[in-house]
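Trainee: got a structure for you, letters missing:
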């Protein structure tokens, strides 16, 4: 059991990293073919599309997964079938009317965008809304049945199709708008592919549907808080996509330049800064069904141990990657996107990885135990701070107002989540096994020395080598120094990661 889970977690992480790598390469392709302005148009339209996608899916994948885990714990196969059936029906009810209304009255909705050219891009993306929403629910079914490898293969296949179709369509584009529209078509084709593949896999794996009547209301109640949080997040992102360019224009920047700045921040810098989300997402993907099952079986000892380990590894990921972004981010932005600003944003904004990592993992943990309403409330605190930064700070710090807002958002969320999680775990454990704060946060001390080594190597290698080779060698030296430093201080070991699931086999043998 331990070897199987360890192997699955490793493969899922590898596939997630590969998927993020493809996404990173695709961002480079977009920036080369359609420029920062085209990326800005695409990102603005994608932000609004993400809002409607979140309304159609939101917390459905997580809730379906949790209901399936609960049904398995209760040995209720019919409950599993009802969960997926109600999820598909609910997703269809939420997305199909939206597509019809927006398809009929879409031409009158230019007021939703800071640039009218974004409307045509958005209407293309809208074609894939129903398909990708239904696919998300089926993905939740795979999670609940712990078919993480299958889900990861579908994800990377979707990304691969988007990259291939995008490269074929984006050759010799004549304008930023046409380029953004073709990028939207590439996304739609990938949505259709992943939906078709997921349905075939569901049927091939023996998936069956059942009457959703009894599960529809419980699923809706469980999904509503998560959907509200994620819809609020998408709404905030859409608001930022509209407000930030508008506030930049108001501060004296012309419309084209404002879109370029937004494209550099959201379409170039943020995808790189969110690289840790790939690894943390893999940890969360494997842990959440385990946490949910342990919670409903009242196995609080193992639950508390895995909570601590999940937090520790998530923080470890961000602490390892921050020095790389700080020392080499500027060069990466220049090499990848030929955009100096994107590199500067990466360097100056990399500290947000710490609160971002803690927010992601702690939110998943709380949701897995049924505390969706709390995460919903905590998110609003952070979102309000971010919008306030976007509205007030552009005249002072330009596009960095967005990054400051993200930092404030993640920090407030992380603090609220961790305080509540610590309180709740203390209650579940009745005073035993408290979170060892010094062990979790010790890697913070290693960020500075690794960053100094990276900057020194970068300056040294650039004197004798080309920029690309200098970055590569600097990254290798930093990686080696990081491994040695963490091994010497016993923060990691070659047998450490499997311990994340070690108690699973022992506990099952006792039960």
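Mentor: Perfect, thanks for sending it. If you're wondering where the values come from, they're calculated on a predicted model, not measured in any experiment.
Trainee: what segments of the stretch 351-500 of the chain are helices?
Mentor: For the stretch 351-500 of the chain, helices defined by DSSP state H, counting those that start in this stretch occupy the ranges 353-368, 372-392, 394-397, 400-429, 437-441, 447-462, 467-488.
Trainee: and of those, who's closest to residue 265?
Mentor: Among those, the nearest to residue 265 by CB to CB is helix 400-429 (5.6 Å). Where you see a C-beta, it was placed from the backbone N, CA and C, and this is true even at glycine.
Trainee: out of the helices of the stretch 351-500 of the chain, which is the most enclosed?
Mentor: helix 353-368 (a mean of 25; mean count of other CB atoms under 10 Å).
Trainee: quick one: that one to chain centroid distance?
Mentor: Centre-to-centre, helix 353-368 and its host chain are 11 Å apart (CA atoms, centre = their mean, to the nearest Å).
Trainee: mind starting the numbering at 16 from now?
Mentor: I'll keep to 16 as the first residue from here, and by that count the last item is helix 368-383.
Trainee: follow-up on the earlier one: make CSV out of the helices of the stretch 366-515 of the chain and add distance to residue 193.
Mentor: CSV is the format used below for those (distance: least, CB to CB, whole Å):
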stretch, distance to residue 193
helix 368-383, 34
helix 387-407, 29
helix 409-412, 29
helix 415-444, 27
helix 452-456, 49
helix 462-477, 38
helix 482-503, 31
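Trainee: any idea how far residue 346 is from residue 379?
Mentor: Using CB to CB, to the nearest Å, residue 379 is found at 33 Å from residue 346.
Trainee: go on, residue 367?
Mentor: Per CB to CB, residue 367 is found 20 Å from residue 346.
Trainee: again with residue 319
Mentor: Distance of residue 319 to residue 346, computed by CB to CB: 43 Å.
Trainee: burial count for residue 217?
Mentor: By other CB atoms under 10 Å, 18 other residues sit near residue 217.
Trainee: ok, and the closest non-adjacent residue to it?
Mentor: Leaving aside its sequence neighbours, residue 217 sits nearest to residue 153 (CB to CB, 6 or more residues apart in numbering; 5.4 Å).
Trainee: kindly report the same for residue 334.
Mentor: Nearest residue to residue 334, sequence neighbours excluded (CB to CB, 6+ apart): residue 458, at 3.8 Å.
Trainee: the one you found contacts residue 331, correct?
Mentor: Yes - here residue 458 reaches residue 331: they are 5.4 Å apart, a contact under CB atoms under 8 Å.
Trainee: quick one, which of the two is more surrounded?
Mentor: Neighbours per residue (other CB under 10 Å) separate residue 458 from residue 331, with residue 458 holding more: 23 against 20.
Trainee: which ones are touching the more buried one?
Mentor: With contact taken as CB atoms under 8 Å, 6 or more residues apart in numbering, residue 458 is in contact with 330, 331, 334, 335, 501, 506.
Trainee: farthest pair in those residues?
Mentor: Longest span within these, CB to CB: 330 and 501, 12.6 Å.
Trainee: ok, back up a step: I'd like the next helix or strand past the host helix or strand of the residue nearest to residue 217.
Mentor: Secondary structure assignment for residue 153, by DSSP states H and E: helix 144-159. Proceeding N to C from helix 144-159, the next assigned helix or strand is helix 163-184, under DSSP H and E.
Trainee: tell me the helix or strand right after that following helix.
Mentor: Downstream of helix 163-184, the next assigned helix or strand under DSSP H and E is helix 191-219.
Trainee: packing partners for that following helix?
Mentor: When contacts are defined as 3 or more CB pairs under 8 Å, 6 or more residues apart in numbering; DSSP states H and E, helix 191-219 packs onto helix 17-71, helix 133-141, helix 144-159, helix 163-184.
Trainee: looking at those, which is nearest to residue 263?
Mentor: When the helices and strands packed on helix 191-219 are compared by CB to CB, helix 17-71 sits nearest residue 263, at 11.0 Å.
Trainee: and that closest one, average pLDDT?
Mentor: In this model, helix 17-71 has an average pLDDT of 75.
Trainee: so that helix versus helix 163-184, what angle?
Mentor: 50 degrees (axes from the mean of the first three to the mean of the last three CA atoms, to 10 degrees).
Trainee: downstream of helix 17-71, the next helix or strand is which one?
Mentor: Sequence order places helix 75-88 as the next helix or strand after helix 17-71, per DSSP H and E.
Trainee: tell me what that following helix is packed against?
Mentor: If you count contacts as 3+ CB pairs under 8 Å, 6+ apart, helix 75-88 packs onto helix 92-120, helix 144-159, helix 228-265, helix 291-311, helix 368-383.
Trainee: worst mean pLDDT among those helices?
Mentor: Set side by side, the helices and strands packed on helix 75-88 give their lowest mean pLDDT on helix 291-311, at a mean of 66.
Trainee: tell me how far the helix or strand just after that one lies from the chain's centre.
Mentor: Beyond helix 291-311 in the direction of the C-terminus, DSSP H and E gives the next helix or strand as helix 315-352. Relative to its chain's centre, helix 315-352 lies at 13 Å (CA atoms, centre = their mean).
Trainee: got the angle between helix 315-352 and helix 415-444?
Mentor: In terms of direction (the same axes, to 10 degrees), helix 315-352 departs from helix 415-444 by 160 degrees.
Trainee: in helix 315-352, what's buried?
Mentor: Buried residues in helix 315-352, counted by 16 or more other CB atoms under 10 Å: 315, 317-349, 351-352.
Trainee: packing partners of the very next helix or strand once past it?
Mentor: Reading on from helix 315-352 to the C-terminus, the next helix or strand found by DSSP H and E is helix 355-364. On a contact count with 3+ CB pairs under 8 Å, 6+ apart, helix 355-364 meets helix 285-288, helix 315-352, helix 415-444.
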